[in-house]
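In: Provided below are the primary sequence and the corresponding predicted coordinates.
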Amino acid sequence: NDKAGDDFTPHGDWNYIRDIIEPRLSPYVDVPKPIVVIPRALGVLFYRQAMSGNKIPPHRRASWMLEDTCSFPNSSQEPNSNTMTLEATLLREYRCPILKSTTAALASNQAQTLAPSCCWTVELKPKAGYRAFSPLVHPRRRIKYQSCRFQLMQQSKMTAQQQRRSHHSSESQSSIRPTRYDPLQLFSNVPKEIRMALENLADCPNHNLKLWKYDSRPTHGAKNYGIQQVTLPVDDNQAETKANVNLILDIVCLILQRESFLSKLLTLQQLDWVDADGAIFLYQHLLTLLPDLDPKAIQRKLDRELEARNEFDSEEDRLTFDDCARRQQKNGKDPPRGDTIGSVDSILRSCPVKPPSFANDGAFRQLLLAIDSFSNTLQDKRGDDAFLDTAYENCTNLIKTLNLEESIYLLQAWLLSLAMCDVSFFVSLELYEAGDLLHQNSKLQTTSEPGWFLHRATNEGTKDTCRLWVCYSIKMIDCDAKPSKKLASRQRKEEMYDLLPKA
């Protein structure tokens, strides 16, 4: 059942995915299925296993700690059948075959013994697919205009590792292995660029690309119900595996180009109107607007007041967002253009968060127009310090005059962008011999059906070709809202740019 049961109480993340994310990224995201049958004692067990099993990296453990120490009882306590339950949500296992029933999904006169020749799943963490375009980038960090965030973070890590090596000469050379992956290539919608991005990820995954093969007849002792992870990068002496990986990357490249997933995702990523530097400035402004509240209370207020646009279902609203996505698919490297979107009203329609009550008035309107105008002229003005200084001063002065509602809205848009830059997605695919599917048609993925297309594959060794029907599905995960408490510590993260050599 896709709907919540009568006993289910929607929580923040569930509402966030249903109301904010799913309408903009359909059919590429599933709203988790709500259940209420988890005893609290079982939740205790899951939590303790997760915390004690060394599955959570040390730098992520803090986010797993429970703020409410009474959330879970001690193991010696008996859970009450009425009150001691946990609301939980479930997502499908995307590494298994796509079709629930192959024979039901295909023509019955062909499908009596039909099965896919193989099932593969690729998991990717795409990262932010754009360069900073906000006038609120701090003057010390204008290197953000030159490269995307992922590349700059790689450069920062390399610098830090080289500094450690200079103090510890015994450190192995192999500890430093930079990746050539560039998210701008993945989001470019140019086949060669996308293929290069995937190849660079496969060559140096760094947990940003994983590959699984599903065997419906696992060997004795195999784990995970036939799901076997392929180790990347593939050694040169593993010719067959290398050929399979290249085939899968070719197919994934075609899928990402034909579907609008990346362009829709990029449209949400580019709600980064104020940049992290501007978000820090806005957060400080918010503290001055609420002097009687401590920072934690302000953060709770910011998280609680997230509300979806109630007019998204209008045809004009939907067409505006789809138009943004189409333009991103055509040229994914550029932020939304005000001269093609039109007005402040149209700019706001690209954001699923409910806008301020009087969004067309005063400093808020001026700020949005200034950011939009700046992004249109940045390409030719990256090295013009006088232009950049003037724009920065103008926008920071406008922020100082924003009211509470306007400040919260801009911060929520930035937090949404931050969340969309940290998602993962699965591309699951099944391959069928073309001769087995005489009546199959090419089609794009929908909310209820996978996509299909015919692919001509070439054997790199023999140069022989074969035709394969590809059944595929793209599904995004890890799209939970980012808590506003991240704003309090964001300054330290942005200071890493101060140590990078200036472009």
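Out: Nice, thanks for sending it over.
In: and the longest strand seen in the chain, what does it pack onto?
Out: The residue-count maximum for a strand in the chain (DSSP state E) belongs to strand 465-477. Where contact means 3 or more Cβ pairs under 8 Å, 6 or more residues apart in numbering; DSSP states H and E, strand 465-477 is packed against helix 239-258, helix 261-269, strand 424-433, strand 451-458. The way it works is simple: take the backbone N, C-alpha and C, and place the C-beta from them, glycine included.
In: what's the most buried one of the ones you listed?
Out: For the helices and strands packed on strand 465-477, ranked by mean neighbour count under the definition mean count of other Cβ atoms under 10 Å, the leader is helix 261-269 at a mean of 25.
In: between the helices and strands packed on strand 465-477, which gets nearest to residue 381?
Out: Nearest of the helices and strands packed on strand 465-477 to residue 381, taken as Cβ to Cβ: helix 261-269 at 22.5 Å.
In: tell me what the closest one is packed against?
Out: For helix 261-269, the contact count by 3+ Cβ pairs under 8 Å, 6+ apart identifies helix 22-25, helix 315-330, helix 404-420, strand 465-477 as packing neighbours.
In: least reliable of the ones you listed going by mean pLDDT?
Out: Within these, confidence is poorest for helix 315-330, with a mean of 57 (mean pLDDT).
In: just for the stretch 201-350 of the chain, where's the confidence low?
Out: Scanning the stretch 201-350 of the chain for pLDDT under 70 picks out the ranges 216-225, 306-343.
In: since we're on residue 435, how many residues are nearby?
Out: Other residues lying near residue 435 total 10 when counted by other Cβ atoms under 10 Å.
In: coming back round to it: could you export the helix or strand just after the longest strand of the chain as CSV, CA atoms only?
Out: Moving toward the C-terminus from strand 465-477, the first helix or strand encountered (DSSP states H and E) is helix 490-494. Taking Å, rounded to 0.1, in the frame of the first residue of the first chain, the C-alpha atoms of helix 490-494 are listed here in CSV:
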residue,chain,number,x,y,z
ARG,A,490,29.7,25.9,8.4
GLN,A,491,32.3,28.6,8.9
ARG,A,492,35.0,26.1,9.6
LYS,A,493,34.3,24.2,6.4
GLU,A,494,34.4,27.2,4.2
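In: check which residues of helix 490-494 are buried.
Out: Within helix 490-494, the residues that qualify as buried are 490, 494, counting by 16 or more other Cβ atoms under 10 Å.
In: quick one: residue 354 from residue 283, how far?
Out: In this view, residue 354 and residue 283 are 20 Å apart by Cβ to Cβ, to the nearest Å.
In: next one: the residue nearest in space to the middle of the chain, what pLDDT does it get?
Out: Among the residues of the chain, the one closest to the centroid is residue 423, at 2.5 Å (Cα atoms, centre = their mean). pLDDT, the model's per-residue confidence, is 96 for residue 423.
In: and for residue 404, nearest residue in space, chain neighbours not counted?
Out: In space, residue 404 comes closest to residue 289 once its chain neighbours are excluded; the distance is 5.2 Å by Cβ to Cβ, 6 or more residues apart in numbering.
In: doesn't residue 407 make contact with the one you found?
Out: Yes - if you go by Cβ atoms under 8 Å, residue 289 and residue 407 touch, sitting 6.7 Å apart.
In: comparing the two, which residue is more hemmed in?
Out: When residue 289 is set against residue 407 and neighbours are counted by other Cβ under 10 Å, the residue ahead is residue 407, at 21 against 13.
In: which SS class is the nearest residue to residue 26 once chain neighbours are set aside?
Out: Closest residue to residue 26 in three dimensions, ignoring its sequence neighbours and counting by Cβ to Cβ, 6+ apart: residue 447, at 5.9 Å. Per DSSP: H, G, I helix; E, B strand; the rest coil, the local secondary structure of residue 447 is coil.
In: count of neighbours near residue 447?
Out: Under the neighbour criterion other Cβ under 10 Å, residue 447 is assigned a count of 10.
In: same deal with residue 138?
Out: Based on other Cβ under 10 Å, the number of other residues close to residue 138 is 19.
In: and it, what is it in contact with?
Out: With contacts defined as Cβ atoms under 8 Å, 6 or more residues apart in numbering, the neighbours of residue 138 are 277, 392, 494.
In: ok, 7 Å please
Out: Remark: with contacts taken as Cβ atoms under 7 Å, 6 or more residues apart in numbering, residue 138 is in contact with residue 277.
In: gap between the residue nearest to residue 404 and residue 241?
Out: Using Cβ to Cβ, we find residue 289 at a distance of 58 Å from residue 241.
In: and the gap between residue 410 and residue 20?
Out: When Cβ to Cβ is the yardstick, residue 410 and residue 20 sit 16 Å from each other.
In: coming back round to it: need the contact list for the residue nearest to the centre of the chain.
Out: With Cβ under 7 Å, 6+ apart as the criterion, the residues that contact residue 423 are 476, 478-479.
In: check residue 249 too.
Out: 195, 198-199, 202.
In: isn't the residue nearest to residue 404 right up against residue 405?
Out: No - Residue 289 sits out of contact with residue 405 when judged by Cβ atoms under 7 Å, with a separation of 10.1 Å.
In: can you pull out the helices in the stretch 51-200 of the chain?
Out: Assigned by DSSP state H, counting those that start in this stretch, the helices in the stretch 51-200 of the chain fall at 61-64, 102-105, 149-167, 183-186, 191-203.
In: looking at those helices, which one is packed in the most?
Out: helix 183-186 comes out most buried of the helices of the stretch 51-200 of the chain by mean count of other Cβ under 10 Å, with a mean of 23.
In: that one packs against which elements?
Out: Taking 3 or more Cβ pairs under 7 Å, 6 or more residues apart in numbering; DSSP states H and E as the contact definition, the neighbouring helices and strands of helix 183-186 are helix 191-203.
In: give me the residues contacting the helix it packs on.
Out: Counting by Cβ under 7 Å, 6+ apart, residues outside helix 191-203 touching it are 124, 179-182, 185-186, 188, 208-209, 232-233, 245, 249, 252-253, 256-257.
In: cutoff 8 Å now
Out: With contacts defined as Cβ under 8 Å, 6+ apart, helix 191-203 is touched by 124, 179-183, 185-186, 188, 208-209, 211, 232-234, 245, 249-250, 252-254, 256-257.
In: distance from the helix or strand just after that helix to the middle of the chain?
Out: Later in the chain than helix 191-203, the nearest helix or strand by DSSP H and E is strand 209-214. In terms of Cα atoms, centre = their mean, to the nearest Å, the centre of strand 209-214 is set 18 Å apart from its chain centre.
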